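Asks: output the structure for:
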Amino acid sequence: MAPPAAVLTDKAPKPIPQLSQAVKYNGMVYCSGSLGVDPNTSKFVEGDVKERTRQALKNLSAVLDAAGSSLQNVVKVNVFLTDMGNFAAMNQAYDEFFVWQPRPCRTCVAVHQLPLGTEVEIECIAFETVKSRL
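Replies: Predicted structure coming up:
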């Protein structure tokens, strides 16, 4: 069995030194929490929680692609909100990305605060895409 391997792509925001964007291990991809930060500017996208949810999911998609996976391979999602009043808006953006069945398992919890003062953070676990053998 191969050892754990870090995933790094410039198509998602650069991680802080204490973590990896994701770690691949034993056919699975474990993604760190993603914020609504534009990887080109390193700043939060303009707008509300819906826009930041979209960007967080775009960032996770880029990390998963770099890991040899995709959003379609996601089996578990954890969403952290600083205000459950944003639950419906977050769901509207979330539903734009997960349109197939079965949808991933998901937990959404309210937290006191999130990094850099944002209102949403999303993490996920996916399996690597199986490569066909010819």
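Asks: all strands of this structure, in order?
Replies: 5-7, 22-25, 28-34, 37-38, 43-44, 74-81, 105-110, 120-127 (DSSP state E).
Asks: now do the helices in the protein.
Replies: For the chain, applying DSSP state H gives helices covering 49-66, 87-97.
Asks: the inter-axis angle of the shortest one versus strand 74-81?
Replies: Yep, that's helix 87-97 we're talking about. Put simply, helix 87-97 runs at 150 degrees to strand 74-81, going by axes from the mean of the first three to the mean of the last three CA atoms, to 10 degrees.
Asks: any weak-confidence spans in this protein?
Replies: The chain contains residues with pLDDT under 70 at 132-134.
Asks: among the strands of the chain, which comes closest to Arg52?
Replies: Of all the strands of the chain, strand 120-127 sits nearest to Arg52, with 5.3 Å by CB to CB. (Glycine included, C-beta is placed from N, CA and C.)
Asks: still on that earlier bit, tell me which of the helices of the chain sits most buried.
Replies: helix 49-66 (a mean of 22; mean count of other CB atoms under 10 Å).
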